[in-house]
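Engineer: no sequence for this one, just the structure:
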């Protein structure tokens with residue numbers, strides 16, 4: 001059994017405590033929409049740790065913006081993460097997040113009456129993408145996020161109905177997650193208007209509530225990043241068309 005030196009472990013965990021990141025910009029089909037445009041960017045990079053809090057939906061103390069990002073169903077979208085809410089501020093070994101941070105990246109959508117509405121309580125979310133742990137390469141979603149410069153790219157499902165949605169993208173840091181509360185949740189919500197091809201039939205996804213979808217006993221939330229053999233991100237399965 002591989003042993004880990006205590007000083008090395010303490011150093012790793014200490015570095016992980018500062019492994020903060022913020023989703024603060026969107027690209028659609030490779031076209032960058034601008035820093036903070038259409039994204040409810042939190043004012044700080046402080047994590048949410050209480051999965052029963054209303055902040056687990058779109059973060060704490062955020063307000064809607066006047067911008068709505070237009071996306072065709074089936075398009076590729078990129079969520080841009082950086083260590084600070086202001087985005088990229090020059091070379092930084094902890095940007096987009098500290099590389100000692102380990103955990104999944106996940107994206108959800110929720111249909112809303114208006115993408116600029118302030119109330120996010122009671123929304124019904126469905127998961128559209130996740131990047132957890134690769135048992136072959138031993139890479140986490142956070143490793144991919146770091147290596148890709150903070151860019152998480154996924155596809156808006158081609159079979160969802162036209163309308164306004166909130167896109168919730170999160171990075172979960174598990175370096176202190178051996179008990180609850182310990183996992184650190186970093187998320188923001190982007191305001192989307194999705195257009196569906198009128199020749200296609202929309203499919204109704206199964207949805208979950210936030211808070212509600214995550215439990216303090218979930219193995220994807222209470223876990224150790226050391227000696228991992230398998231890992232399943234928290235929440236429902238990914239919706240597919």
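Structural biologist: Right, received. Where do you want to start? Just so we're clear, the structure is a prediction, and the values are computed from it rather than from any experiment.
Engineer: please pull out the lowest mean pLDDT helix or strand from the chain.
Structural biologist: Within the chain, no helix or strand scores below helix 6-17, which has a mean of 36 by mean pLDDT, DSSP states H and E.
Engineer: quick one: low-confidence ranges for the protein?
Structural biologist: Residues of the chain that meet the criterion pLDDT under 70 lie in 1-19.
Engineer: which residues in it form strands?
Structural biologist: Counting by DSSP state E, the segments of the chain that form strands are 22-28, 31-32, 39-40, 69-72, 76-82, 105-112, 124-131, 133-134, 139-140, 151-155, 163-173, 184-195, 208-209.
Engineer: nearest to residue 47, of those?
Structural biologist: Ranking these by proximity to residue 47 (Cβ to Cβ) places strand 184-195 first, at 3.5 Å. (Glycine included, C-beta is placed from N, CA and C.)
Engineer: for the closest one, buried residues please.
Structural biologist: The neighbour-count check on strand 184-195 (16 or more other Cβ atoms under 10 Å) flags 184-192, 194 as buried.
Engineer: other SSEs contacting that strand?
Structural biologist: The criterion is 3 or more Cβ pairs under 8 Å, 6 or more residues apart in numbering; DSSP states H and E, and the helices and strands that strand 184-195 contacts are strand 22-28, strand 39-40, helix 55-58, strand 69-72, strand 163-173.
Engineer: tell me which other helices or strands the third one touches.
Structural biologist: Using 3+ Cβ pairs under 8 Å, 6+ apart as the contact criterion, the secondary-structure elements in contact with helix 55-58 are strand 163-173, strand 184-195.
Engineer: contacts for that helix next, please.
Structural biologist: 40, 48, 50, 120-121, 123, 125, 166, 168, 185, 187-189, 210-211, 214 (Cβ atoms under 8 Å, 6 or more residues apart in numbering).
Engineer: which of these lies closest to residue 30?
Structural biologist: Nearest to residue 30 out of the contacts of helix 55-58 is residue 188 (Cβ to Cβ; 20.3 Å).
Engineer: quick one, what contacts the spatially most central residue of the chain?
Structural biologist: Nearest to the geometric centre of the chain sits residue 170, at 1.4 Å (Cα atoms, centre = their mean). Residue 170 makes contacts with 23, 105-107, 185-187, as judged by Cβ under 8 Å, 6+ apart.
Engineer: if you set the cut-off to 6 Å instead, what comes out?
Structural biologist: 106, 185, 187 (Cβ atoms under 6 Å, 6 or more residues apart in numbering).
Engineer: the closest residue to residue 109 other than its chain neighbours bridge partners, please.
Structural biologist: Closest residue in space to residue 109, ignoring its immediate chain neighbours: residue 165 at 4.8 Å, by Cβ to Cβ, 6 or more residues apart in numbering. On the basis of DSSP bridges, residue 165 is bridged to residue 111, residue 192.
Engineer: dump the residue contacts of residue 165.
Structural biologist: By Cβ under 6 Å, 6+ apart, the neighbours of residue 165 are 109, 111, 192, 194.
Engineer: and with 7 Å instead?
Structural biologist: 109-112, 115, 192, 194 (Cβ atoms under 7 Å, 6 or more residues apart in numbering).
Engineer: then residue 152?
Structural biologist: Residue 152 neighbours (Cβ under 7 Å, 6+ apart): 78-79, 81, 105, 145, 169.
Engineer: ok so, going back, and the closest residue to the residue nearest to the centre of the chain other than its chain neighbours, what is it in contact with?
Structural biologist: Leaving out its chain neighbours, the residue that sits closest to residue 170 by Cβ to Cβ, 6+ apart is residue 187, at 3.5 Å. Counting by Cβ under 7 Å, 6+ apart, residue 187 touches 23, 58-59, 168-170.
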